[in-house]
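Q: test case, fold it:
(4 chains)
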2 protein chains.
Amino acid sequence: MAHPGPAERPDCAHPGPAPHEPLLRAPTYLVAELTKLIRRESAGALPCADAAGRMRGPAVLVLACVAAEGPMSQRQVSERLRMDPADVVSLVDVLEERGYVERHRDPADRRRYRLDVTEDGRLFLARRREAGLRLNQRLFAPLTPEEMEQFTDMIVRVLAHHDPRFTEHGPSETGPEDAA
Amino acid sequence: MAHPGPAERPDCAHPGPAPHEPLLRAPTYLVAELTKLIRRESAGALPCADAAGRMRGPAVLVLACVAAEGPMSQRQVSERLRMDPADVVSLVDVLEERGYVERHRDPADRRRYRLDVTEDGRLFLARRREAGLRLNQRLFAPLTPEEMEQFTDMIVRVLAHHDPRFTEHGPSETGPEDAA
DNA sequence: TATTGTTATACTCTATAACTATA
DNA sequence: TATAGTTATAGAGTATAACAATA
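A: Here you go, the predicted model:
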């Protein structure tokens, strides 16, 4: 075929450039597209350290959480990361199998585990973090460092407005209702 | 009051409002959290116009695309929205079933369809768009209009750097490699 | 285009076991 | 003790979205 252009649209010469205008300014659409871009660019760019290719986003998140906040229970992980407790189970399974965390029963409350990061876990996390920095540089190359700062600040502010996890000083009493 | 706030634990150093610092500044993590927030806030806030609850994100996207850029083929839709052609099929099925678009064979090339939006389709889109605006106001309440503008601009710039669909004047020859 | 199937993620529901509080 | 209520984990199952293989 000669060209894949629209047959009967003389005013639209180019085959597939930009998505339609109204969407181009819809923040939720843009965030969704950005997420898809991140997914595409992340593929293969981050160490997964697993023949089966596990150790993806959520698993790394759990590992980072335990590494940063010290020994904690699975319940606490699920609260910090706002993940479903049911999903944390299998993620910790993977981490434990890889030797990145260890499950010990908490003697104070034997219902819960005490998750401990291993040295291997910290090593993996360090490698992953470095790869993440390179990825970010590539991903957000068009933004100046100041803009990058503004960008993350704005997201944190939006998140904090709806989610007490992102407030500076712990869960506050003010919520989304204030400005709604 | 159903705040899923972290449980107060006297034996834990700081019972833990905010996720750990390194993550708090990682843009890709923040974007992922923002996406989850959008999902949560969107639930029930947008008209789905379907007993089965279809007409979700992707279907509306396809409808908006056809509505904004005029009659086009499914292949063109998949290119504009960077969706898998296989997924466009079932989305158009839903839209057709709802009476929002019509499939006509393109007389110029009978292999492809010519998708046309119906009046019902435009009506639904208008309602949906209005609900979307209200949702955005609630979602991004902490940002000033200027910041909102900067925010969307920055995302578009980042997207354009990796994806020719988002360049102003159609697919250009310059790509991510230029500044990488 | 269409069909079929796979995978990742997020969420729902239920079950079991261990804890807490109280009579 | 006994009883009831709560919490931590586990497991099965569902829904959406992205994607691969093939007709």
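Q: what's the helix or strand bottoming out on mean pLDDT in chain A in contact with?
A: In chain A, the helix or strand scored least confidently by mean pLDDT, DSSP states H and E is helix A:21-24, which has a mean of 70. Contact with helix A:21-24 is made by A:Ala18, A:Tyr29, A:Leu30, B:Leu61, B:Ala64, B:Cys65, B:Ala68, B:Arg129, B:Val156, B:Phe166, as judged by C-beta atoms under 8 Å, 6 or more residues apart in numbering or on different chains. Placement of C-beta: from N, CA and C, glycine included.
Q: is it positioned near DNA strand D?
A: No: judged by C-beta under 7 Å from any atom of the strand, helix A:21-24 stays clear of DNA strand D, getting no closer than 13.9 Å.
Q: buried set for that helix?
A: Neighbour counts over helix A:21-24 (16 or more other C-beta atoms under 10 Å in any protein chain shown) mark A:Leu23, A:Leu24 as buried.
Q: re the thing from before, filter the contacts of helix A:21-24 down to the ones in helices?
A: Among those, DSSP state H puts A:Tyr29, A:Leu30, B:Leu61, B:Ala64, B:Cys65, B:Ala68, B:Arg129, B:Val156 in helices.
Q: out of those, which end up buried?
A: If you count burial by 16+ other C-beta under 10 Å, the buried members of the ones in helices among the contacts of helix A:21-24 come out as A:Tyr29, A:Leu30, B:Leu61, B:Ala64, B:Cys65, B:Ala68, B:Val156.
Q: dump these to a markdown table, plus distance to DNA strand D.
A: Formatted as a markdown table, those follow (distance: C-beta to the nearest atom of the strand, whole Å):
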| residue | distance to DNA strand D |
| --- | --- |
| A:Tyr29 | 11 |
| A:Leu30 | 13 |
| B:Leu61 | 8 |
| B:Ala64 | 14 |
| B:Cys65 | 13 |
| B:Ala68 | 19 |
| B:Val156 | 18 |
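Q: okay, helices next: where are they in chain A?
A: A:21-24, A:27-42, A:57-69, A:74-80, A:85-97, A:119-139, A:145-162.
Q: any chance of those helices in CSV, plus distance to B:Gly121?
A: Below are those laid out as CSV (distance: least, C-beta to C-beta, whole Å):
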stretch, distance to B:Gly121
helix A:21-24, 14
helix A:27-42, 18
helix A:57-69, 36
helix A:74-80, 41
helix A:85-97, 37
helix A:119-139, 35
helix A:145-162, 31
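Q: list the buried residues of stretch A:22-41.
A: Buried, per 16+ other C-beta under 10 Å, within stretch A:22-41: A:23-24, A:26-35, A:37-38, A:41.
Q: for stretch A:56-64, that is, sorry about that
A: Neighbour counts using 16+ other C-beta under 10 Å place A:Pro58, A:Ala59, A:Val60, A:Leu61, A:Val62, A:Leu63, A:Ala64 of stretch A:56-64 among the buried residues.
Q: hang on, the earlier thing: so which of the helices of chain A gets nearest B:Arg114?
A: When the helices of chain A are compared by C-beta to C-beta, helix A:21-24 sits nearest B:Arg114, at 21.3 Å.
Q: with pLDDT and distance to A:Phe151 as added columns, please give the contacts of helix A:21-24 in CSV.
A: Formatted as CSV, the contacts of helix A:21-24 follow (pLDDT from 0 to 100; distance: C-beta to C-beta, whole Å):
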residue, pLDDT, distance to A:Phe151
A:Ala18, 52, 22
A:Tyr29, 95, 17
A:Leu30, 96, 12
B:Leu61, 95, 24
B:Ala64, 95, 26
B:Cys65, 95, 27
B:Ala68, 93, 27
B:Arg129, 91, 26
B:Val156, 96, 12
B:Phe166, 92, 16
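Q: closest to DNA strand C out of the residues you listed?
A: Closest to DNA strand C out of the contacts of helix A:21-24 is B:Cys65 (13.8 Å), distances taken as C-beta to the nearest atom of the strand.
Q: so what's the residue most central in space within chain A closest to, chain neighbours aside?
A: Most central in chain A under C-alpha atoms, centre = their mean is A:Gly57, positioned 6.2 Å from the mean C-alpha point. If the residues on either side of it in the chain are set aside, A:Gly57 comes closest to B:Ala32, at 7.0 Å by C-beta to C-beta, 6 or more residues apart in numbering or on different chains.
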